[in-house]
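*Asks:* mind looking at a prediction? Sequence and model below.
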Amino acid sequence: MKKIFLLIIPLLFIAMSGWAQTAGNPDATIGTPAVCYGATSVDVPITVSNLYDGVSATNSIGSFSLEFHFDATKLAIPKVVDLYSGLLANDGAETPSFYWTIDSTTNLTYLGSGKFKIVGITSSGHEISFTDATVLFKLRFTLLPGFTPSTSNITFYENTQGTSCEFAGLADAFNVYTDYTTNPGDGIGTYYKNGSATLDANFTPGAILTTGQTICTGGDPSSIGNSTASSGGDESITYKWESSLDGFATAGSVIGSATLSSYDPPTGLTATTSYRRYAHDGTCNTSFTVSTGTWLVTVVADPSISVEPAATTSECIGGTVELSVTASNGTPSLTYQWYSNTSASTSGASSISGATSATYTPPTTSAGTKYYYVIVSATGSGCGDATSAFAAVTTVADISISVDPAATTSECIGGTVELSVTASNGTP
């Protein structure tokens with residue numbers, strides 16, 4: 001989360017060539033820089049426009065000054081950096097070197113109690129004027145320990161320049177404070193601006209979910225979402241995703257279309273693939289940092305049957321026949337459903353209630369032949385079915401005798417008697 005710090009900066013403009021202050025002439029803006037987490041300093045740009053005497057844009061000035069007040073418990077005395085050197089003399093005689101009367105050690109005149117002043121003067125007596133907004137310089141503040149993410153406000157002190165600079169309060173950010181007074185004797189005009197700086201929270205790339213998923217070949221993986229959102233920096237987060245076929249043992253492949261915090265891998269995946277996410281913000285951390293966690297999509301083959309049921313079996317009425325298959329693959333687990341039919345065809349077959357395991361014992365209560373098969377399934381994405389071969393089970397009646405041997409026979413000693421029966425059924 002960002003922390004917002006109001007830097008309320010009074011500005012005092014002093015025009016040395018009879019400047020009659022009018023609202024907006026000249027005008028200044030205090031920049032609103034972001035302070036990245038861990039930074040030791042912040043550069044605050046100061047932009048000035050309409051730098052002339054306030055009466056006519058062709059009326060030049062030879063010098064002006066700006067005064068700033070700040071909280072010395074949170075910011076060290078600043079230095080002036082990036083001075084603008086492109087101003088032209090109003091008379092066109094030469095290009096003046098616009099310089100600042102600044103302290104050689106602190107790069108400004110320090111007034112004490114969190115106040116300082118800088119004065120701009122043109123060389124060789126040449127005066128300047130311009131209307132376009134120009135960043136004249138930046139104030140580089142060193143951040144003190146009091147300037148931390150837990151700090152709620154930084155307030156710059158009010159102007160206390162005396163009776164010629166009445167102060168009744170601060171206006172809203174970047175609005176001219178209109179209740180000022182002008183001292184006609186020395187041409188001093190005063191108005192006030194607010195400035196602000198944003199202290200960005202520490203950037204974290206967040207984390208993605210790591211549950212992972214197993215699918216069958218050609219399946220559609222689920223979307224990969226956040227475990228913890230990326231945050232911090234300037235909160236303008238950019239994402240990229242990479243995939244890998246070796247668990248990122250080597251560099252991953254960037255997925256060009258994946259630029260959101262979540263990613264939905266494409267359907268039709270045929271190989272086990274790992275995914276991970278990277279993130280950065282737009283100002284403080286502009287290089288991609290990997291998010292915590294890797295999402296693994298494991299791809300397995302469709303269910304398959306390696307051992308089929310016996311093609312044909314016979315059993316007497318009341319006997320026992322066990323049909324079984326051996327199956328593998330699929331995800332997350334295999335399910336079974338046995339079917340029966342009067343012919344070796346799936347058309348017209350009936351599912352057998354309760355026959356939902358790898359083995360099945362068909363009934364043998366009546367004679368005849370029935371055909372059985374099993375369908376092995378898995379509920380994972382992309383998983384197809386495996387259908388077994390047909391098993392023909394013939395049930396026959398028990399052995400029966402239709403012709404018994406003769407009940408009685410007589411024969412002389414040494415004669416021959418033959419007993420016989422006629423029987424049927426049974427198996428094999």
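*Replies:* Perfect, I can see it now.
*Asks:* wait, Y371 sits on S340?
*Replies:* Yes - counting by C-beta atoms under 8 Å, Y371 does reach S340; the two are 7.0 Å apart. In short, each C-beta sits where N, CA and C put it, glycine included.
*Asks:* between the two ends of stretch 323-334, what distance do you get?
*Replies:* Counting by C-alpha to C-alpha, to the nearest Å, you get 17 Å between the two ends of stretch 323-334.
*Asks:* residues of that stretch that come out buried?
*Replies:* Judged by neighbour count using 16 or more other C-beta atoms under 10 Å, the buried positions of stretch 323-334 are 323-325, 327, 329-331, 334.
*Asks:* contacting residues around V325?
*Replies:* For V325, the contacting residues are 305, 307-309, 336, 358, 374, 376, 388, by C-beta atoms under 8 Å, 6 or more residues apart in numbering.
*Asks:* which residue packs closest to P405, ignoring adjacent ones?
*Replies:* Leaving out its chain neighbours, the residue that sits closest to P405 by C-beta to C-beta, 6 or more residues apart in numbering is L419, at 3.9 Å.
*Asks:* burial count for the one you found?
*Replies:* 8 (other C-beta atoms under 10 Å).
*Asks:* need the max-distance pair from the buried residues of stretch 323-334.
*Replies:* L323 and T331 (25.3 Å; C-beta to C-beta).
*Asks:* give me the distance between T312 and G414.
*Replies:* Look at T312 and G414: by C-beta to C-beta, to the nearest Å, they are 51 Å apart.
*Asks:* now do P303
*Replies:* 74 Å.
*Asks:* more neighbours: which of these two?
*Replies:* P303 (24 against 5).
*Asks:* the more buried one touches G380, doesn't it?
*Replies:* No - P303 is not in contact with G380 according to C-beta under 8 Å; the separation is 9.6 Å.
*Asks:* so how far is the first residue of stretch 356-375 from its last?
*Replies:* Across stretch 356-375, first to last residue, C-alpha to C-alpha, it's 9 Å.
*Asks:* if we only consider the contacts of V325, which is nearest to N285?
*Replies:* Once C-beta to C-beta is applied, the member of the contacts of V325 that ends up nearest N285 is V376, at 51.6 Å.
*Asks:* correct me, but Y339 touches S351?
*Replies:* Yes - Y339 lies in contact with S351 (C-beta under 8 Å); the separation is 5.5 Å.
*Asks:* would you map the strands across the stretch 201-350 of the chain?
*Replies:* Assigned by DSSP state E, counting those that start in this stretch, the strands in the stretch 201-350 of the chain fall at 207-208, 213-216, 226-228, 238-244, 253-254, 273-280, 289-290, 295-300, 304-307, 312-316, 323-324, 326-328, 335-341, 350-351.
*Asks:* how many other residues sit next to G247?
*Replies:* Using other C-beta under 10 Å, the number of residues around G247 comes to 12.
*Asks:* beta partners for the residue nearest to it when sequence neighbours are not counted?
*Replies:* Leaving aside its sequence neighbours, G247 sits nearest to S274 (C-beta to C-beta, 6+ apart; 5.1 Å). For S274, the beta-bridge partners are S244, L296 (DSSP bridges).
*Asks:* does S274 really touch T294, like I thought?
*Replies:* Yes - shown here, S274 and T294 form a contact pair, counting by C-beta under 8 Å, at 5.3 Å.
*Asks:* now do the shared contacts for these two.
*Replies:* Listed as contacting both S274 and T294 by C-beta under 8 Å, 6+ apart are 247-248.
*Asks:* per-residue confidence for Y275?
*Replies:* Reading off the confidence values, Y275 has pLDDT 98.
*Asks:* follow-up on the earlier one: now the residue nearest to P405: phi and psi?
*Replies:* Here is the backbone geometry of L419 (degrees, to the nearest 10): phi -110, psi 140.
*Asks:* show me the contacts for G219.
*Replies:* Residues near G219 by C-beta under 8 Å, 6+ apart: 267, 269, 299, 380-383.
*Asks:* narrow those to those in helices?
*Replies:* Among the contacts of G219, DSSP state H puts none in helices.
*Asks:* quick one: which of those residues has the most company?
*Replies:* Using other C-beta under 10 Å as the neighbour criterion, C383 leads the contacts of G219 with 24 neighbours.
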